[in-house]
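Chemist: Provided below are the primary sequence and the corresponding predicted coordinates.
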Amino acid sequence: MVEHVEEQSRAPRARRRPTSDGVAAPQSLGEIDLSQKARIPVPIEEFSRVLGGGFVPGSLVLLGGEPGIGKSTLALDLSAQLARSGCRALYVSGEESARQIKMRAQRLEADAADLFVLAETDLETVIGQVSSLDPQLLVVDSIQTTRWAELDSTPGMPAQVRECALRLQELAKTKGVSILMIGHVTKDGNIAGPRVLEHIVDAVLYLEGDPFQQYRLLRGVKNRFGATSEVGVFEMRGSGLLQVKNPSEALLEERVINAPGSAVSITVEGTRPLLVELQALTSPSPFANPRRTANGVDMRRLLLVSAVLSTRMGLKLLDQDIFVNVIGGLKISEPASDLALALAVASSIYDRALPADLAMVGEVGLSGEVRRVGQLAARMNEARKIGFKRVLVPRLRRQSEDLPDGIEAIEVRSVGDAMRLALPA
């Protein structure tokens, strides 16, 4: 008989309630000092727009996106630009060595004296380096490769991801450092790991776009310090992600005039109106069940619009395959693009082009009516800047609408009215 002593793993230490000043006692709301800088300015305007004006000291931001979409590129460029503006930044990578990060920084021309790089996966070591370096920004690439040594599970497991996120939250609140975490996504496009991860952080940002297209959308889906659903537009080039100052013009620059099946919709992403081109193609189906393929629009909206066109407008779509695509690899979820989608399908089935100077906006109901949408004045103003002369809009509330000059608003009450105006016989 041999005695064997089993060593028990240490349980994680109990965490204090994180506070910005390290004091756990309750404070009166009027006694809290706000004399410190409210936000850290971000030189990248599109990123600052999504954050709501910059990083809030002590905030925890989660950045997600598909592999190869540009998350690490954007984070490294952001760190370098903040470092050049006088903020000390620490970039921690669990997926690349320091040499590999240096090579990528040279390609991006993202070199700065106050940008420090650390190739480490142990979170306790990272916290120690933060305490000695005292940076204003900490980038963790990625949260799925970070581990807390007191847990026996491997990195990326739900327990590790949750514990590391809680430790980083405590670090952000006690030290006042802004932390940007990069997170992997699942095949469904959601952040990998426990759902509680998105509840822990202060802001959740998604970098979207087709990896084979040059445009990327940085979308905010949660933000405790700013507006949600705000977007920033970037263009992927060899030198990194570049800001797109006028995204509507960039998205329409390759548009083919007088092409059947092409319609321009005015959608709103956050507070920014965007003009996007929707293309539709109909062809006789060789199958008993015709196909409906949507790229960039919700499949349910395509099915709804197709049913309205078939049942209410009398279009023969029951034997037609319908393919819909949003140019630029963008994804549109707003119902205000229903009218453009309907007219694009009708233009393809009739093989007649829509007027080149005509944009459209409106939600389509099940009876074929066109319903009102918000921010109509801002949408029309954006269309006027690009050079459009007319816009198909739902019926206006004349007492409350204050529309811009230089562009005509053509009111329509139904999809049938829109088809008669835009596609005359």
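Modeler: On my side now, so go ahead.
Chemist: Buried residues of the helix or strand hosting Val117, list them for me.
Modeler: Assessed by DSSP states H and E, Val117 sits inside strand 115-119. Buried residues in strand 115-119, counted by 16 or more other C-beta atoms under 10 Å: Leu115, Phe116, Val117, Leu118. To be clear about C-beta, it is placed using only N, CA and C from the backbone, and glycine gets the same treatment.
Chemist: So what touches it?
Modeler: Here strand 115-119 makes contact (C-beta atoms under 8 Å, 6 or more residues apart in numbering) with 79-80, 83, 88-94, 96-98, 101-102, 105, 126, 129, 133, 135.
Chemist: Which of the buried residues of strand 115-119 sits closest to Ala250?
Modeler: Leu115 (29.6 Å; C-beta to C-beta).
Chemist: Phi, psi for the closest residue to that closest one other than its chain neighbours please.
Modeler: For Leu115, ignoring the flanking residues on the chain, the nearest one in space by C-beta to C-beta, 6 or more residues apart in numbering is Ala83 at 3.9 Å. Backbone geometry at Ala83, expressed as degrees, to the nearest 10, gives phi -70, psi -40.
Chemist: Now do the same for Ala83: its pLDDT.
Modeler: On the pLDDT scale, Ala83 is placed at 94.
Chemist: That one contacts Asp111, doesn't it?
Modeler: No. Between Ala83 and Asp111 there is no contact under C-beta atoms under 8 Å: 9.0 Å.
Chemist: Just want to know which of these two has more residues nearby.
Modeler: Ala83 (23 against 12; other C-beta atoms under 10 Å).
Chemist: Pull up the gap between the residue nearest to Leu115 and Ala89, please.
Modeler: 5 Å (C-beta to C-beta, to the nearest Å).
Chemist: How far away from the center of its chain is the longest helix along the chain?
Modeler: Looking across the chain with DSSP state H, the single longest helix is helix 158-175. Distance of helix 158-175 from the chain centroid (C-alpha atoms, centre = their mean, to the nearest Å) equals 24 Å.
Chemist: Can you pull the domain assignment for the protein?
Modeler: Domain assignment for the chain by automatic domain parsing gives 38-245, 250-422.
Chemist: Over to the last one now: how far is its first residue from its last?
Modeler: I take that to be domain 250-422. 25 Å (C-alpha to C-alpha, to the nearest Å).
Chemist: can you pull out the strands in the stretch 51-200 of the chain?
Modeler: 60-65, 89-93, 115-119, 137-141, 178-183 (DSSP state E, counting those that start in this stretch).
Chemist: I'd like to know which of these lies nearest to Asn289.
Modeler: Among the strands of the stretch 51-200 of the chain, strand 60-65 sits nearest to Asn289 (C-beta to C-beta), with 34.4 Å.
Chemist: tell me which element the residue nearest to Lys385 when sequence neighbours are not counted is part of?
Modeler: Excluding its sequence neighbours, the residue lying closest to Lys385 (C-beta to C-beta, 6+ apart) is Ser248, at 7.6 Å. Here Ser248, judged by DSSP H and E, is contained in helix 247-252.
Chemist: Which positions in that helix come out as buried?
Modeler: Pro247, Ser248, Leu251, Leu252.
Chemist: Report the mean per-residue pLDDT for whatever helix or strand comes next after that helix.
Modeler: The helix or strand immediately downstream of helix 247-252 is strand 262-269, counting by DSSP H and E. In this model, strand 262-269 has an average pLDDT of 94.
Chemist: How about the secondary structure of Val373?
Modeler: Under the three-state scheme (DSSP: H, G, I helix; E, B strand; the rest coil), Val373 adopts coil.
Chemist: Ok, Phe323 next?
Modeler: Under three-state DSSP, Phe323 falls in the strand class.
Chemist: got the contact list for it?
Modeler: Ala280, Leu281, Thr282, Ser283, Arg291, Thr293, Asn295.
Chemist: Next, the buried residues of the strand or helix carrying Ser348.
Modeler: Using DSSP H and E, Ser348 maps to helix 338-350. By 16+ other C-beta under 10 Å, the buried positions in helix 338-350 come out as Asp338, Leu339, Ala340, Leu341, Ala342, Leu343, Ala344, Val345, Ala346, Ser347, Ser348, Ile349.
Chemist: Out of those, which is nearest to Ser48?
Modeler: Ala340 (30.3 Å).
Chemist: Would you mind naming the residues that pair with the nearest residue to that closest one once chain neighbours are set aside in a beta bridge?
Modeler: Closest residue to Ala340 apart from its sequence neighbours, by C-beta to C-beta, 6+ apart: Ser265 at 3.4 Å. Applying DSSP bridges to Ser265 gives these bridge partners: Val276, Met360.
Chemist: So Ser265 is in contact with Pro335, correct?
Modeler: No. Between Ser265 and Pro335 there is no contact under C-beta under 8 Å: 10.9 Å.
Chemist: More neighbours: these two, which one.
Modeler: Ser265 (26 against 18).
Chemist: could I get the domains of the chain as TSV with distance to Leu29?
Modeler: Shown next, in TSV, are the domains of the chain (distance: least, C-beta to C-beta, whole Å):
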stretch	distance to Leu29
domain 38-245	17
domain 250-422	29
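Chemist: now stretch 331-342: mean pLDDT?
Modeler: Here the average pLDDT along stretch 331-342 is 93.
Chemist: try stretch 91-109
Modeler: Mean pLDDT, computed over stretch 91-109, is 92.
Chemist: pLDDT below threshold where in the chain?
Modeler: 5-24, 34-37, 398-401 (pLDDT under 70).
Chemist: any idea how far the residue nearest to Thr186 when sequence neighbours are not counted is from Ala25?
Modeler: Leaving out its chain neighbours, the residue that sits closest to Thr186 by C-beta to C-beta, 6+ apart is Ala192, at 5.2 Å. From Ala192 across to Ala25, the span is 38 Å (C-beta to C-beta).
Chemist: Those two: who's more crowded?
Modeler: Counted by other C-beta under 10 Å, Ala192 and Ala25 do not tie: Ala192 has more neighbours, with 18 against 5.
Chemist: how about the more buried one, what does it touch?
Modeler: Gln144, Gly156, Val161, Gly183, His184, Val185, Thr186 are the contacts of Ala192 under C-beta under 8 Å, 6+ apart.
Chemist: how does it look with 10 Å?
Modeler: By C-beta atoms under 10 Å, 6 or more residues apart in numbering, the residues touching Ala192 are Gly64, Ser142, Ile143, Gln144, Gly156, Pro158, Val161, Gly183, His184, Val185, Thr186.
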